[in-house]
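1. Here is a sequence together with a model predicted from it:
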Protein chains: 2
Amino acid sequence: MGLNVTQKLIKEHLVEGEMTPGTEIGLTIDQALLQDATGTLVQLELEAMNLDRAKTEVAVQYVDHNLLQTDFKNADDHVFLHSAAQKFGLWFSRPGNGVSHPVHMERFGIPGKTLVGSDSHSCAAGSLGMLAIGTGGLDVAAAIAGQPYFVKMPKIMGVKLTGKLPDWVSAKDVILEMLRRHDVDGGVGKIIEYYGDGLKHLSAMDRHVIANMGAELGATTTVFPSDEETRRFLKSQRREDDWVELIADDDCEYDVHEEIILDELVPLIAKPTSPGNVVPVSEVAGKEISQVVIGSSANPGLRDFWIAGAIVKDKTVSQDVSFDINPTSRQIIQNMIDTKAFGNLITSGARFHQSGCMGCIGMGQAPASNTISLRTMPRNFPDRSGTKDDQVYLCSPETAAASALTGKITDPRDLEKLFDMSYPKYEAPELQIIHTDMLVAPPEDTSGLELEKGPNIVSIPHINELQNQYDVPVLLKMADDVSTDEILKAGAEVLPFRSNLPEISKYSYTVIDPTFYDRAMKSKDQHGGHIVVAGDNYAQGSSREHAALAPKYLGQVAVIAKGYARIAWQNLVNFGILPLEFDNNDDYEKFQQGDMVRFRNLKEDVVNRNPITIVIKKEGGDEVEITTKHSMSDRQIGILIKGGIINDFKEKLN
Amino acid sequence: MGLNVTQKLIKEHLVEGEMTPGTEIGLTIDQALLQDATGTLVQLELEAMNLDRAKTEVAVQYVDHNLLQTDFKNADDHVFLHSAAQKFGLWFSRPGNGVSHPVHMERFGIPGKTLVGSDSHSCAAGSLGMLAIGTGGLDVAAAIAGQPYFVKMPKIMGVKLTGKLPDWVSAKDVILEMLRRHDVDGGVGKIIEYYGDGLKHLSAMDRHVIANMGAELGATTTVFPSDEETRRFLKSQRREDDWVELIADDDCEYDVHEEIILDELVPLIAKPTSPGNVVPVSEVAGKEISQVVIGSSANPGLRDFWIAGAIVKDKTVSQDVSFDINPTSRQIIQNMIDTKAFGNLITSGARFHQSGCMGCIGMGQAPASNTISLRTMPRNFPDRSGTKDDQVYLCSPETAAASALTGKITDPRDLEKLFDMSYPKYEAPELQIIHTDMLVAPPEDTSGLELEKGPNIVSIPHINELQNQYDVPVLLKMADDVSTDEILKAGAEVLPFRSNLPEISKYSYTVIDPTFYDRAMKSKDQHGGHIVVAGDNYAQGSSREHAALAPKYLGQVAVIAKGYARIAWQNLVNFGILPLEFDNNDDYEKFQQGDMVRFRNLKEDVVNRNPITIVIKKEGGDEVEITTKHSMSDRQIGILIKGGIINDFKEKLN
């Protein structure tokens, strides 16, 4: 039997395990991607591991999240990351050079390679025929140090694309259609591989749009073949030599099947507050908006800005709309100027920002209270924009630009009537303007180089090992689909503390319950820790490992949940928080916030894979006993009982 | 005897008083300028005054300070200001359209007109032959309501410019030379008028550079004639019809004389932490830097960006430097693209930001700890950049660009050797690209329009009237030259609370003493208020009236100082804080922080211009008596005893 693209990629890199869905496999990693919000911690981890030099073929430290610099902290971090990249032999993409995923694709991506990235959208590199997985920073640190990457072998979902997108419909609508059908957990435990005739009308950067937001499906990653479109893209980047063909065998099979007839798609939009809350634009058309934002790794390509520019050309956006443009990279800006897209946008009234993630991660351009913001970004979880109770809608550049003109949510197909406009046809330049001067190469000789640490960069405190006995409270009981944005929110107030664990821990779960930190610190003193209980798909969304590290710092012993998002589950293990699952999901109802729970023989039961018994002590004195389980590999059990991977590494080094 | 330009402007607008230096005059006001950081309060004041429609010929609400939008507050303020501009009949310059002073000059400035602006750099419009005065927001509100503007008739300093600037030396070096000679208080009580043959080599925008930073000299304003260069500028803005000639009579006189031979100037730089701390660049050349910022109202013209672009063309800035470009306005960006300046800068590695004040007011791009930031901005007061203990140097675009290339402070004349470069010659375009779409005109009919107030926009609480007796403590004793940045700091943390007095008051004097707020609130409870004691030039710098309103809210009864910055002195009166001066400056030494002071018959003594006696009660029980005075006009006394201008207006309306 032949292999699909995913299987070929895995087979080529497999060093442990078998390709049986659900069992753990180990993969060699060729490339590593770091962004700054998670990267400072990774660099501190590399320091703790006493790494001499990165072992991957390519490792790049990007700076795209924390660019606002309202005080010394972000600027200090940039200096620190620059020094760390030099010391450990990584490339350094300077602040404002651009958003990691598209820049990586343009400058470093190579078909057939594996990549891990400390950002959940690292899967975007799958657009080039790579196996690219977003994961916690510790996993990336391990990969940079030459360790294999461990993951449960996912199922492979084959999505057949046929036909051709209609006018005014673009790649964003393809991934929104996937989210409409499968919601934010439809990809959990799966790699999504696209194939079929429809691919020939989707450029590599269109595929980036689809691969990037595969993260919103909860997928392990997304994979596209490397074909003539891939070659055309690499040629436009003057890297045709890096192209290799990588296509599925004719007789390959997929574990799960899906099909999208591109001709049938319409403009789609994700309503607040989930990327899975998708409806046709026409269903919400007419609602007044206060903001339109175009940019981010979800719509990063020259085409995406060009089409918006072509739509607003010689017009002025509504006076009630802030039209914010978040240009992907310095290189994209240069090409936007070259293709007149920049001029068209600025003349229409756009506010241009420095290249970076900006409002996608709540770093600026938060919308006004009680107003609608339309964004081409990938996520609209509550509060992520920076505005409490925000109303963020996700859509294509076509829908965004049309709505900026009218001041209302507008189906871009209506532009034909409203402005007597026909769909602008994008012609990709054969060769793009290339800009690499802001990518600082690792030095040949790193000896004698020192880390430059500002006062906000604080070493990671000692992390406790797993004990046999606990009597701790249930400090929080949560519903399904809690995101990492709710566990440890992003935004300008919080992100600057990402290298300062004691400070950032104060924001743990504040979106859900502002009293959490105080209660947790008290419980740490009184009881030595706490647990939390959650529904399904716990800790979906961003890969940020602070959503595990900060609760661990506050004494979190275990999470008991109906199910976990993949990256978050790994992060919990890596930082020594026990991720338990119910034997019977109905037992979720037996917990109340404030209950005490009793664990006995916990460590032994974890190691021996025994059922893990929990006695719930209710307020009146009643006791209820339930059993739970874990699904960690032997390797992970070894890590967990030591209190996590940092302790594990420390032990290996001593 | 003939008249100089200043006298002609004043004579044309004089409605009260005589042109005798030191006496109060009242002037009719033709134009008003508001920015957003001070403007929200002004709009709340206009609301309190029940204004139907602005009475000035032109009033413009700009949004240039608070653009970062890390939460709902700034975005809400933009919506509020838009609604207020519409309701009260003002122009509205949309967020990101550009920095107020250069945009105003380009689009609205008219020779021969008067202007007041709620921003200390409003004097920049003097570059066009206007009498343009920065003042507190309440004064601007009064002018918009049709009231005259009152100010003490200043002395007029005539500065004769002769010759022509050498290569690599530009307008910024002229104003830095003035600061080198006269320091930050050399212009107090003066209007600075430039004249002489040297003017013909200074474009209107060069004059803007000089007029703008006249604020740093403490001058009431700066005035240039309206001549052929002015006409050329207005023509380039396609407003030649607005030009009128306005030049000094041959036989005019000045109260104070100064002369600058332009040929003799060298590149200059202001060292931390005062714009008056000026030395030749060569004296500090070679120091390593981490940041270069080009932009702000101090170097806003197309030429300033063009020359920087020409210097870095086909080169890459040092990898240790963050090269931040703060483009003045959307129109300037369009002209930068047109003249290739934009491309040259972006290719060299520049981080482009949205048009606004940005780091000049601590709203982004704060430098890293313990590093040097070089800026073409007007101010480098401590902590203003957003980084505690910052090291900000102020210089010309030539010096900034040269230093960005080398990573060290660099005399731009050295570029001839270092890069075999000759001084790039700027040729101003005869006609600039004009962009006016982001300026929203006031509606003809404002009836039925409502203010849109977000949850952070809070009405001004009741302000107490002056009492006859006080027994209050000296809560703070300060040295000379305390700036408004130290009294109520700017920056991303504080500015968003500018429409929320109870919140913003918590930041009063925090730069000097973080315990101030708690002590003041306690003293307000226990003693009904407090006083502070200061040296000379109290409250220099920014015009922000929160530096008076917030202390007033905390119960500040009086300031006793050796001297006051002009705008701050007016703000104190306007908000009902008594600005006292020592009869004998040596009495400053008799105060210690923590002393109690006793006032009796205070109100009567103020009204009757009696000596104001203060009994200082020392800790041991000793009492020391001193006398002080005030220099308010009768009009101002009337305002002060009512607790300030808001109460005065309320009374007039009822």
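-> Nice, thanks for sending it over. Since this is a predicted model, take the numbers as computed values, not measurements.

2. Check what pLDDT the single nearest residue of the stretch 201-350 of chain A relative to chain B gets.
-> Across the stretch 201-350 of chain A, no residue is closer to chain B than A:T316, which sits at 4.4 Å (CB to the nearest CB). Every residue, glycine included, has its C-beta placed from N, CA and C. According to the per-residue confidence, A:T316 scores 97 in pLDDT.

3. neighbours around it, how many?
-> A:T316: 15 surrounding residues under other CB atoms under 10 Å in any protein chain shown.

4. Please identify the helix or strand for it.
-> Under the criterion of DSSP states H and E, A:T316 resides outside all helices and strands.

5. For it, which non-adjacent residue is spatially closest?
-> Distances taken as CB to CB, 6 or more residues apart in numbering or on different chains place B:D437 nearest to A:T316, at 4.4 Å, with adjacent residues excluded.

6. That neighbour belongs to a helix, doesn't it?
-> No. With DSSP: H, G, I helix; E, B strand; the rest coil as the criterion, B:D437 is coil rather than part of a helix.

7. Phi and psi next, for it.
-> Backbone torsions for B:D437, taken as degrees, to the nearest 10, come to phi -70, psi -20.

8. which residues sit in contact with it?
-> Remark: with contacts taken as CB atoms under 8 Å, 6 or more residues apart in numbering or on different chains, B:D437 is in contact with A:316, A:347-349.

9. surely the residue of the stretch 201-350 of chain A closest to chain B meets A:I346?
-> No. If you go by CB atoms under 8 Å, A:T316 and A:I346 don't touch, sitting 11.5 Å apart.

10. If any of the contacts of B:D437 are buried, give me the ChimeraX selection for them.
-> What follows is the ChimeraX syntax selecting those of those that are buried according to 16 or more other CB atoms under 10 Å in any protein chain shown:
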select /A:347,348,349
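
11. so can I have TSV of the contacts of B:D437 showing secondary structure?
-> Supplementary listing: those in TSV, determined by three-state DSSP:
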residue	secondary structure
A:T316	coil
A:T347	helix
A:S348	helix
A:G349	coil
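
12. so what's the residue nearest to the spatial centre of chain A up against?
-> Centroid check for chain A by CA atoms, centre = their mean gives A:S120 as the closest residue, at 2.0 Å. When contacts are counted by CB under 8 Å, 6+ apart, A:S120 touches A:134, A:215, A:541-543, A:567.

13. from the residues you listed, which two are the most distant?
-> Taking every pair in these and measuring CB to CB, the maximum separation is 10.8 Å, between A:G134 and A:G541.

14. which residues touch A:G39?
-> A:G39 makes contact with A:61-62, A:81, A:118, A:137, according to CB under 8 Å, 6+ apart.

15. Is it within a helix or a strand, and which one?
-> helix A:36-48.

16. is it true that A:D173 lies in a strand?
-> No. With three-state DSSP as the criterion, A:D173 is located in helix rather than a strand.

17. can you pull the contacts of it?
-> A:D173 makes contact with A:165, A:265-268, A:396, according to CB under 8 Å, 6+ apart.

18. switch the cut-off to 7 Å
-> Residues in contact with A:D173, defined by CB atoms under 7 Å, 6 or more residues apart in numbering or on different chains, are A:265, A:267-268, A:396.

19. Least confident secondary structure element in chain A?
-> Taking mean pLDDT, DSSP states H and E as the measure, the helix or strand of chain A with the lowest value is helix A:645-653, at a mean of 76.

20. Restrict it to CA atoms and write it as PDB.
-> What follows is helix A:645-653 as a C-alpha-only set of coordinates in PDB (Å, rounded to 0.1, in the frame of the first residue of the first chain):
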ATOM      1  CA  ILE A 645      11.100  18.100  32.100                       C
ATOM      2  CA  ILE A 646      13.300  20.800  33.700                       C
ATOM      3  CA  ASN A 647      14.000  18.600  36.700                       C
ATOM      4  CA  ASP A 648      14.500  15.700  34.300                       C
ATOM      5  CA  PHE A 649      17.100  17.600  32.300                       C
ATOM      6  CA  LYS A 650      18.800  18.900  35.500                       C
ATOM      7  CA  GLU A 651      19.200  15.300  36.600                       C
ATOM      8  CA  LYS A 652      20.600  14.200  33.200                       C
ATOM      9  CA  LEU A 653      23.200  17.000  33.300                       C
END
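
21. Tell me how far it lies from the chain's centre.
-> Relative to the centre of its chain, helix A:645-653 is centred 26 Å away, using CA atoms, centre = their mean, to the nearest Å.

22. helices or strands up against it?
-> Applying 3 or more CB pairs under 7 Å, 6 or more residues apart in numbering or on different chains; DSSP states H and E, we find helix A:645-653 packed against helix A:36-48.

23. Much appreciated, bye for now.
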